[in-house]
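# predicted coordinates and the sequence they were generated for:
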Amino acid sequence: MATHSKFDGKTEASDVAAAFADQIRGKTILVTGLIREAAATVVGYAEPTIDIVINNAGVMNIPKRTLSPAGVELHLATNHLGHFLFVNLTKAKLSGARIVNLTSNGHALSPIRFSDYNFDKMEIPEEEQPARAACEAFGVPWGVGYLPPIAYGQSKTANILHAIELSKRFKSEGIAAFSVNPGDSYQAVATILVAALDPKLKESPGAYLDNCQITEAAPFAMNEIAAQRLWDLSERLTAERS
């Protein structure tokens, strides 16, 4: 549970900032954008450490299946691999840092398609197929071919799994990662700030937050074996080992 049990979907960013003013004061906070260029700049900062990293860059619902220059489906490449690479490239500055991955409740649409992350195939294992119930709830067509919301959902599941494995692998260096469904425009960045600032969350590294509180993501997005597999796949796809 977060420190303030009364925080919810109606909590505004200013409320969170006021509650955790002591956690903001004197901190170096980084919101990510471009990857290798930005990473090189960050590593060159005079500050010895970065206190908070908010992995925010992303794309959504690209109408036609598109691959990155490296040959990876663009939702996964931008929304996950970019963040994965950035953190690995700036790790020297992240001792004791808190890392926040922006995800979405749309993660529930799809697990990671380890056998077909690029949406090349029309047949994939059942456990990698889109979640029928979530598709129905979101009003999204079900299918194993390329569908923009499903590709987006896969990348958002990756954000959650990345936070889980990142917290596990870098625990000895005091790094804790969290994933956040940022909510609607009313809430703005409130849940993001809870994940970035609430000291009580140190007890729950890798947690998923929604409406300013820790909550459960889809089971496939909380699976530790899937988190390990995604990390290994990400290392191969970025040619960058931590």
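Cool, got the structure.

# which SS state does Val100 fall under?
strand (DSSP: H, G, I helix; E, B strand; the rest coil).

# how about it, what does it touch?
Applying CB atoms under 8 Å, 6 or more residues apart in numbering to Val100 gives the contacts 52-55, 177-180, 192, 195-196. Using the backbone N, CA and C atoms, a C-beta is placed for each residue, glycine as well.

# repeat that for 6 Å
Contacts for Val100 (CB atoms under 6 Å, 6 or more residues apart in numbering) come out as 54, 178, 180, 192, 195-196.

# can you give the distance of the longest helix seen in the chain from its chain's centre?
When the chain is parsed with DSSP state H, its longest helix is helix 148-169. In terms of CA atoms, centre = their mean, to the nearest Å, the centre of helix 148-169 is set 5 Å apart from its chain centre.

# just want the angle from it to strand 98-102.
Angle of helix 148-169 versus strand 98-102, following axes from the mean of the first three to the mean of the last three CA atoms, to 10 degrees, is 170 degrees.

# after the worst-scoring helix or strand of the chain on mean pLDDT, next one along is what?
When each helix and strand of the chain is scored by mean pLDDT, DSSP states H and E, strand 29-31 comes last, with a mean of 50. Next helix or strand after strand 29-31 toward the C-terminus (DSSP states H and E): helix 36-43.

# sorry, back to before: compare the contacts of Val100 and tell me which is most surrounded.
Highest neighbour count within those: Ala195, with 31 neighbours (other CB atoms under 10 Å).

# pLDDT score assigned to that one?
With respect to pLDDT, Ala195 scores 95.

# just checking, it touches Phe178?
Yes: between Ala195 and Phe178 there is a contact under CB atoms under 6 Å: 4.2 Å.

# now the helices: where do they sit in this structure?
With DSSP H as the criterion, the chain has helices at 13-19, 21-24, 36-43, 74-76, 82-89, 132-138, 148-169, 190-197, 224-238.

# between those helices, which gets nearest to Ser204?
Taking CB to CB, helix 148-169 is the member of those nearest to Ser204, at 9.2 Å.

# could you check the angle the closest one makes with helix 190-197?
Here helix 148-169 points in a direction 20 degrees away from that of helix 190-197 (the same axes, to 10 degrees).

# what helices or strands is helix 148-169 leaning on?
Contact here means 3 or more CB pairs under 6 Å, 6 or more residues apart in numbering; DSSP states H and E; on that basis helix 148-169 packs against helix 74-76, strand 98-102, strand 176-181, helix 224-238.

# quick revisit: buried ones in the longest helix of the chain?
Buried positions in helix 148-169, judged by neighbour count with 16 or more other CB atoms under 10 Å: 148-167.

# you'd agree Ile52 is up against Ala196?
Yes: between Ile52 and Ala196 there is a contact under CB under 6 Å: 4.9 Å.

# now the common contact residues for those two.
Common contacts of Ile52 and Ala196 (CB under 6 Å, 6+ apart): Arg98.

# tell me how far Pro219 lies from Ile160.
With distances taken as CB to CB, to the nearest Å, Pro219 is found 11 Å from Ile160.

# what residue ranges in this structure score low on pLDDT?
1-17, 20-37, 185-188, 240-242 (pLDDT under 70).

# run the last query once more with 50
Applying pLDDT under 50 to the chain picks out residues 30.

# which residues sit against stretch 218-231?
With contacts defined as CB under 6 Å, 6+ apart, stretch 218-231 is touched by 107-108, 111-112, 157, 160-161, 164-165.

# measure that stretch end to end?
19 Å (CA to CA, to the nearest Å).

# dihedrals phi and psi, the residue nearest to Gln154 when sequence neighbours are not counted?
Spatial nearest neighbour of Gln154, chain neighbours left out: Ser110 (4.4 Å); criterion: CB to CB, 6 or more residues apart in numbering. Taking degrees, to the nearest 10, you get phi -150, psi 140 for the backbone angles of Ser110.
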